[in-house]
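A predicted structure for the sequence below; I have some questions about it.
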Amino acid sequence: MKRNIALICIFLTSYLKAQQAEQIIANFFNQEFAKYDLTWEDTRNWTIESQATSKKTGITNYYVNQLYDGKYVFGAQSNFSIKNGKVFHYFDRFEKNLSSRISQTVPTITVTQAVGLAYQHTQLQAINNIEIIKTKTHHFFELNNGLELDYPVQARLGYEKLPTDALALAWEITFFSINYKNLWLIKIDATSGEVLSQIDLVLRCDFGANSNHQNHAHEGYFGKSFDVSEALFANNSLGSYRVVPFNFESPNHSPRQLITNPHNILASPYGWHDTNGIPGPEFTITRGNNVWAREDFDGINSTIGASAEGGGNLVFDFPYNPTLQAPAEYIDASVTNLFYMNNVLHDVWYQYGFDEENGNFQALNYTFSLGGDNDPVIAESQDGSGTNNANFATPVDGNSPRMQMFMFGSTTSSNILNILSPSSIAGVQPGLESAFSPGFVALPQAPSGITGQLILYQDSVGTQALACSNPLNASQIQGKICVIRRGDCNFTDKVLRAQNAGALAVIIVNNTTGTISMGGGNASLTIPAISITQALGENIISTMVTQTVTVTLSRPTQGPSNARDSSFDNGIVAHEYGHGISNRLTGGKNASGCLTIQEQMGEGWSDWITLMMQLKPGDNGVQQRGIGTFAVNQPTTGTGIRPFPYSTNTTTNPVTFQFTNSLSVPHGVGSVWASMLWDLTWAYIAKYGYHPDIYNGNGGNNKVMQLVLDGMKIQPCNPKFTDARDALIIADQATTGGEDYCLIWQVFANRGLGQFASSGTNSASDQVEDFTVPPAGPNCNLSVANSLLQTLKVFPNPATTEIFITLPEYFGEMQIELFDLNGRMVLQQKVTSFQQQEILSVNHLQNGMYLIKIETNQETYIQKIIKK
């Protein structure tokens, strides 16, 4: 009864608050639509998709999706930050001039037909009829998946932006593949049935190598109860776990310890094995309100793997000796560590705002908020569906995310390359099979194999055999094994180009020391690909200049060697869980696809979350910190799996914003963002000190954890680097009135994300760095705020032939320069005596994006300009 009353009170309070917010948003649009180049009609039709509140900032973020004719405009989600009844900040993502860009508003493809087309495109075959099971709105449906999986298909009718800038009527279909390795987000043209876009929302983290079972029918989370004795409910202990402590990365960094009652009373008030909010656990296995951890040896998810059993006293103390035990023999210890670490992550980040209201992962929402229940993490150890990797899928609130942890160091990283001729280089050599998903194709098991002559890929652009353009020697590649160098484009693109030319297989030669795990995915790949070291590869390429090289590719017959279980790598578990945090908070808990552009920083937040969980007294920012050293068999001092180890020392880690133009997507790009956040962390610690209490401390480490999560809530859907930086500045302003404004700007400017840095388009290759810090002033406010430049106007934008520059009250010297995205100055104009307006001719320039720099005798102004 008390719970029902509480639910009613919260519902009424939330309803009234939402009504007030709708009026505030409507008033804002009425007054400000023209400021954002929107028409009145563009802002008439919208819906609040979800909301998120931060207790620290006092801001409630309303995630507002643009509608047209009652249908969603996909990707057009704007973020209103409202505080004290006023719009504190607005991030605009609405599409402009909607009515002129939409020609079709009535679908000819039904929702079930669209699901069928999406299945066909991903090579799925439904075994049951696909039918609507729930109508959420007039254009938003849930359907049974026809695959006997837990998760329903989500389908929305709306408008998808095309490369031509038109908006096509489309079905957005979201569904899991059979083995849960893919969470597809596919747009189907609602009139032609054409596939407009395809995104896999399962995030694979490229952790590749650098060097008793209970089965029963698959069921829902609450589908099976366990017999728990009365003595269990009277037990004072709510759980003991022999694990690697959360602030140590792996068994290489610390021995396992038996830890009792590690739950946090605020986040998990009834311990980690409760699901009903009443004292006493419902489960004696590694299952509870926040996570269900279990093995998944078969990797097909048609059965539920065994969880570790702690008995009536909830003691999870199991042996782990990987030098003497096979992985399956220490599975209980593995599952226990995975359960423990997921729960710690839940409890820690709950303190900083990843709670029920903001879409965290819980079977039951104890605070009776209006967030979705029934979505604990499904965490699978020793998952048999892959190797040398880990992944995390985050559906919308109310649907369980899935974490899949794989084994590392299996036969895929052993002697798989046998050079048959010439005799000068003949012999068996090590290599590493790809970690593509989808698109992984296994080598044949010896004595079978793929035997063929090697051929070096010849680029149509450049001469480095990079396979980033179509081959000049396609006819010669046909029927051979193609050798390609690493660099400049994605591994899957390289392999696909060779495959299209008829290659039997691909060998990628690393461009630095060591081996590299090839991540990414492309369902069109049908040939195997391996990577080899730079030294071996270049020796082979040199030999190919004068001699024919023949090889056989195959898997050795021996079993796994030096296998390492990623469930013991607390850093990788934290990284994966971090994807769940950033995906639920960016764009709100009911959004999907808000971290999908090439410049997105999801991998960066996850690496940073890993680093924050490992902080200990005595650490310093200059120390070299590698990610994933345990899984990839490096020493604890290893460089890890990123292009550079993390360090505030720019000699150890030299990345700046400009690096995002050439590093891999998304991991390399993300490492730049993590580097900036790591610098910010140590700047905060330098100012406020370090506090060892990760839950309740008030040190700089605690403050920056709060700041970053608040920033995630404030930033827009599909943020770029500059958006995420600005969101942190806004969060600081809302919390402290801007006390750390100077500090934040200095940190980002040091890595090239300064005042005039440009993120360009959604591409990952058009960023322009800048090291400018705003001039000093009250709280470091930009000098432009109270300057002549406040009245400066540069128009039109986009421009075709001329750019007009007006500054009504300025009459001095002015220097005008135009730069392309490579930093090359393409136009310069000096005005000795500016008279209110100047005209810049750009008719002769190629279409594209430029930066215009305007210098007066006191101030500098920089703006992006589109020439078309």
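Thanks, I have it. Numbering: from 1, shown residues only.

which residues in the stretch 601-750 of the chain form helices?
602-613, 667-688, 700-714, 721-736, 741-750 (DSSP state H, counting those that start in this stretch).

got the angle between the second one and helix 721-736?
So that's helix 667-688. Going by axes from the mean of the first three to the mean of the last three CA atoms, to 10 degrees, helix 667-688 is angled at 30 degrees with respect to helix 721-736.

helix 667-688 vs helix 602-613, what angle?
Using the same axes, to 10 degrees: helix 667-688 against helix 602-613 is 40 degrees.

where are the low-confidence patches of the stretch 151-300 of the chain?
205-236, 300 (pLDDT under 70).

that one: strands as residue ranges?
Ranges of strands in the stretch 151-300 of the chain, per DSSP state E, counting those that start in this stretch, are 153-161, 167-176, 183-189, 195-200, 203-204, 240-243, 257-260, 291-295.

of those strands, which approaches residue 463 most closely?
Of all the strands of the stretch 151-300 of the chain, strand 203-204 sits nearest to residue 463, with 32.0 Å by CB to CB. Where you see a C-beta, it was placed from the backbone N, CA and C, and this is true even at glycine.

for the closest residue to residue 376 other than its chain neighbours, the count of nearby residues, please.
Leaving aside its chain neighbours, residue 376 sits nearest to residue 363 (4.7 Å; criterion: CB to CB, 6 or more residues apart in numbering). Burial of residue 363 is recorded as 21 neighbouring residues (other CB atoms under 10 Å).

check residue 356 too.
22.

quick one: the nearest residue to it once chain neighbours are set aside and residue 342, what's the gap?
Nearest non-adjacent residue to residue 356, counting by CB to CB, 6+ apart: residue 365, 4.0 Å away. Using CB to CB, to the nearest Å, one obtains 17 Å as the distance from residue 365 to residue 342.

ok, those two, which is more surrounded?
Remark: of residue 365 and residue 342, residue 342 carries more neighbours, 29 against 19, as counted by other CB under 10 Å.

where's that one, which helix or strand?
Assigned by DSSP states H and E, residue 342 falls within helix 331-350.

downstream of that helix, the next helix or strand is which one?
strand 377-381.

what are the pairing partners of that following strand, and which direction each?
Partners of strand 377-381 in the sheet, by DSSP bridges, are strand 291-295 (parallel), strand 402-405 (parallel).

give me the contacts around that strand.
290-296, 305, 331, 334-335, 338-339, 342, 346, 361, 400-405, 565, 567, 577, 580 (CB atoms under 8 Å, 6 or more residues apart in numbering).

for residue 579, grab phi and psi.
phi -60, psi -40 (degrees, to the nearest 10).

need the contact list for it.
203, 205, 392, 394, 602, 606.

doesn't the third one belong to a strand?
Okay, so that is residue 392. Yes. Counting by DSSP: H, G, I helix; E, B strand; the rest coil, residue 392 is found in a strand.

is it correct that it is in contact with residue 581?
No. With contact defined as CB atoms under 8 Å, residue 392 does not reach residue 581; the gap is 10.1 Å.

and the gap between the residue positioned nearest the centre of the chain and residue 448?
Residue closest to the mean C-alpha point of the chain, counted by CA atoms, centre = their mean, is residue 602 at 2.9 Å. Relative to residue 448, residue 602 is positioned 39 Å away (CB to CB).

could you do residue 570 as well?
39 Å.

the more surrounded of the two?
residue 570 (29 against 11).

isn't that one right up against residue 246?
Yes. Taking CB under 8 Å as the definition, residue 570 is a contact partner of residue 246 at 5.9 Å.

overlap in contacts, the two.
341, 613.

list of residues touching stretch 184-198?
74, 104, 107-109, 113-114, 117-118, 121-122, 157, 160, 162, 168-177, 199-201, 592-593, 596.

centre of the chain to the longest strand that the chain contains, how far?
In the chain, taking DSSP state E as the definition, the longest strand is strand 71-83. Centroid separation between strand 71-83 and its chain, computed with CA atoms, centre = their mean, to the nearest Å, is 20 Å.

so that strand versus strand 167-176, what angle?
Per the same axes, to 10 degrees, the angle that strand 71-83 makes with strand 167-176 is 80 degrees.

care to break this protein down by domain?
2-96, 111-200, 231-408+563-582, 411-553, 597-753, 783-867 (automatic domain parsing).

so for residue 762, which of these sits nearest?
Set against residue 762 and scored by CB to CB, the domains of the chain come closest in domain 597-753, at 4.1 Å.

dump the domains of the chain into JSON lines; add distance to residue 759 as well.
Shown next, in JSON lines, are the domains of the chain (distance: least, CB to CB, whole Å):
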{"stretch": "domain 2-96", "distance to residue 759": "13"}
{"stretch": "domain 111-200", "distance to residue 759": "18"}
{"stretch": "domain 231-408+563-582", "distance to residue 759": "18"}
{"stretch": "domain 411-553", "distance to residue 759": "21"}
{"stretch": "domain 597-753", "distance to residue 759": "4"}
{"stretch": "domain 783-867", "distance to residue 759": "9"}
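
mean pLDDT lowest where, among the ones you listed?
Least confidently modelled of the domains of the chain is domain 783-867, at a mean of 80 by mean pLDDT.

and the closest residue to residue 185 other than its chain neighbours, how close does it get to residue 595?
By the measure of CB to CB, 6+ apart, the closest residue to residue 185 outside its immediate chain neighbours is residue 199, 4.5 Å from it. To residue 595, residue 199 is 10 Å away according to CB to CB.
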